[in-house]
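K.L.:
Just the structure for this:
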Amino acid sequence: MTAPKICSKLSPMHSLRAASVALAFLLAVSSLDGCGVAVPPEAPASGPADYLVRTDLSGTPGGNLIIPLASDPRTFNRLISFDYAGRVISELLSSDLVRVNRVSFDLEPSLASRWELDNDGRTYTIHLRRGLRFSDGVPLTAEDVVFTFQVLQDPKINSSSADLLKVDGVFPAVIQVDSHTIRLTFPRPVGTGLRTLDSLIILPRHRLLKAFQEGKLSSMWGPTASPEDIAGTGPFRLKEYQPGVKVVLERNPHYWKKDKTGQTLPYLDTLTFLIVSDRNAQALRFLSGELDLVEPLEPENFSVMRRASAQGQFIFKDLGPGLALDFLWFNLNPGRTGSGKPYVDPEKRAVFEKAQFRRAVALALDRPGMTRAIFLGLGTPQSGPVSAGNKTWHNDGLPPVEFRPSTAKELLAQLGLRDTDGDGILEFGPGRPFEFTLLTARGNARREKMVQVARENLARIGIRVETQLVETRELIHKIADSFEYESMLFGFTPTDVAPENLADLWLSSGSNHFWFPNQAHPQSAWETEIDQLTGRLMRSLDPAARKKAFFEIQEIWARELPAIPTIAPNVLVAWKTKLGNVRPAILAPHLYWNAEELTVRGR
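P.N.:
So this is what the prediction gives:
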C-alpha cells in the first residue's frame, strides 16, 4: 500500500513504500509538521474574520436548550469517537472543512470558503477562511489541517474517519500551499468529491501536537478532560460534564458564522444534554416540559403523545422513511472454521445460494402486516438496498416485493423442497426437515418482534425457523469475524445519502458485504457485475453516469436479493413551539444538526 504523502509547505512529494511508513511518519512528527514549519499559538489572525453570512437567517440571542441523550459520551474527540453520544457532542465543539447540508444534501462551505478541482479530476485546492480562531482564541491555519491528516494516517489512533478518506486503500496526499491554502490529491478521480470531508473535524495543533508526538493523543479529551483543555471551531465549547447526569455546552465567542443582521451565531447561550437512557422516559419528560425536543420517537409514544397534546405547545412531525433499513439475509460464506467445520451446512447453503429460494422467503414475509402491527403504520416496506427516504439515490422503478405466500410455496416446490410426510415441514432430503436459525439483536424490541413474525410467516410455507436473540456485539462478531451463523435480521443507518459511503457493502471484497464478506474473487456473476458498476460509480465525475450505475446496482439487488429488505422506520420527532429555525432532517441528529441556528422565541 502506498503511504499518504503529507507536507506542511509546498515542496516535491516523495513516494514511500509501505515498509517505510512508520519511520517516515515518526520523522515527520519529530519535525513538528514534516517540513519544519510552525505557527506559534500567539500568532495574530491574518486580518478580519471571513465570516460565513447567512442572509436568510434571523433569531433572538440567548436562552438554553435541553435535549435528551441516551448515553454518556465516551470521548469529546470526534476523530476517535465510535459512539453516537460522543459523535454528536464533539461535532458541536468542532467544525469541518466542508459540510453536507442535512436537508438539501448539498455540499456547502464550512471552514473552507471555496475550492477548485484541477483538470486531473483528483486534485483539490482548498482555501480556508481567514481570521478564524479556535474557541481558546488561537488562530486557525492550514497547519491545523495538515496536522489533522497526520493524526488520521496514524494506525495507532484507529480513527473512525480514516477509512472514509482512503481511496483504494490509500490516503490522499496533502500539501500546504500557504497559511490558508492546502492541496488535496486523491490517487484517482473520486465521484463523491469532497463529501468524504464532511464531519472530518479539524484539530487544534497547538493543543494536541505534544500528545501526538508522545503517542498519547487517543487518551486526550476523554470523559475526564477539563473543559479548559478542549478547543475547537464549533458553535459551542464544553462547560460542564457530570457523568450519568448531563453535558452542558456554552456558546463559542469565536464562532465564524453570522446572520443577516450581523449577529454572530450561535443564538443560544447554552445547550444542556440530559442523560436519559430510556426512550419512554424521554417521551414523558418531554411532555412534562422538562425537555425541549425529543428524537427519534418510538411509534407507540409518537401516536399517544400526538393525541394527548392538543394545546399547541408542541410540534410533532413524521418525516417519512429514514435511511435506516433492516435486512434478512442468509450466510453464503463457503469457508470453514479453524477446526475444519463448515460455517454453514453445505447442503443447506446450496439452497440459500439460489435466488429462487431467497425470492420465496421474501414473498412469504408479510411486510404490510409488520408495518401495521410493529410500526403502527409508521414505517415503509422496502424493495431494494436503499431506503425510499433517500430520495436522491433511490430507484423508484424497482418492482415491489409483495406478500404472496402461495407463490412462495410454488417456488420452493420447484427447488425440490416438499412435505413428504405430511407434518407441515418441507424436506430437502430423506428425513431432513428444512429448517434454519435466525438471529437478531437482543434488547431491540422492534427486531425481536420482526423475527417472531418472520418465523410465523415462514412456518405457513413449510419452513421451520428457530429464532435466537444475541447481544449486538456478538452479532457483529459473527458477521465480521467468526461467520458461524445461518441467517440474520439486522441493519444499518447510512451517514450520508451518497451510495459510495456503502461501497464496502456493494463490493464483493468488502468487509461489510455481509452475506459473504472479503471475497478474494466474486463468488457469482451478479456480484462481478455489481463490482464493475460500483467501480464506475466511484470513479465517474459525471452525475448522470453515477446515478445510472447505482440504479443498475439496485436492480440487480432486487433481482438476486442477497439480503432481503424489510421495513424502513419513519423518522418521528417532536419539539416545543417556542423553538425557531428548526429544520428537521432524516439524518441524525434530526432536529439540532443546525444547533447554531436554533433560537428561543418570545424571550
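K.L.:
List the buried residues for the longest helix seen in the chain?
P.N.:
Looking across the chain with DSSP state H, the single longest helix is helix 543-560. Neighbour-count burial for helix 543-560 flags 546-547, 549-558, 560 (criterion: 16 or more other C-beta atoms under 10 Å). Just so you know, the C-beta spots here come from the backbone N, C-alpha and C atoms, and that holds for glycine as well.
K.L.:
Same list (those residues) but as a markdown table, adding distance to residue 55.
P.N.:
A markdown table is the format used below for the buried residues of helix 543-560 (distance: C-beta to C-beta, whole Å):
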| residue | distance to residue 55 |
| --- | --- |
| 546 | 32 |
| 547 | 31 |
| 549 | 37 |
| 550 | 35 |
| 551 | 36 |
| 552 | 41 |
| 553 | 40 |
| 554 | 38 |
| 555 | 43 |
| 556 | 45 |
| 557 | 43 |
| 558 | 44 |
| 560 | 49 |
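K.L.:
among those, which two are most distant?
P.N.:
Among these, the pair separated by the greatest distance (C-beta to C-beta) is 546 and 560, at 21.6 Å.
K.L.:
ok, back up a step: helix or strand right after the longest helix of the chain?
P.N.:
For helix 543-560, the following helix or strand on the C-terminal side (DSSP states H and E) is strand 563-565.
K.L.:
Off-centre distance for that following strand?
P.N.:
For strand 563-565, the separation from the chain centroid amounts to 19 Å (computed by C-alpha atoms, centre = their mean, to the nearest Å).
K.L.:
ok, it: who's next to it in the sheet?
P.N.:
strand 325-330 (antiparallel) (DSSP bridges).
K.L.:
Is residue 124 in a helix, a strand, or coil?
P.N.:
For residue 124, the assignment made with DSSP: H, G, I helix; E, B strand; the rest coil gives strand.
K.L.:
Quick one: residues contacting the closest residue to it other than its chain neighbours.
P.N.:
Closest residue in space to residue 124, ignoring its immediate chain neighbours: residue 184 at 4.7 Å, by C-beta to C-beta, 6 or more residues apart in numbering. By C-beta atoms under 8 Å, 6 or more residues apart in numbering, the residues touching residue 184 are 123, 124, 126, 172, 173, 174, 194.
K.L.:
Tell me which two of those residues sit farthest apart.
P.N.:
Checked with C-beta to C-beta, the contacts of residue 184 reach their widest spread between 173 and 194, with 14.7 Å between them.
K.L.:
which stretches of the stretch 351-500 of the chain form strands?
P.N.:
Along the stretch 351-500 of the chain, counting by DSSP state E, counting those that start in this stretch, strands occupy 379-381, 435-441, 464-470, 487-492.
K.L.:
hang on, the earlier thing: what does the longest helix of the chain contact?
P.N.:
191, 355, 358, 383-386, 393-395, 397-399, 401, 499, 506, 524, 526, 529-530, 533-534, 536-537, 540, 563.
K.L.:
For ChimeraX, what selects the buried ones among the residues you listed?
P.N.:
Buried residues within these, by 16+ other C-beta under 10 Å, are selected in ChimeraX with:
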select :191,358,383,384,385,386,393,394,395,398,401,499,506,524,526,530,533,534,536,537,540,563
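K.L.:
so of the contacts of helix 543-560, which ones are in helices?
P.N.:
Within the contacts of helix 543-560, residues falling in helices by DSSP H are 355, 358, 506, 526, 529, 530, 533, 534, 536, 537.
K.L.:
With pLDDT as extra columns, can I get the residues you listed in CSV?
P.N.:
Formatted as CSV, the ones in helices among the contacts of helix 543-560 follow (pLDDT from 0 to 100):
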residue, pLDDT
355, 98
358, 98
506, 95
526, 98
529, 98
530, 98
533, 97
534, 95
536, 94
537, 94
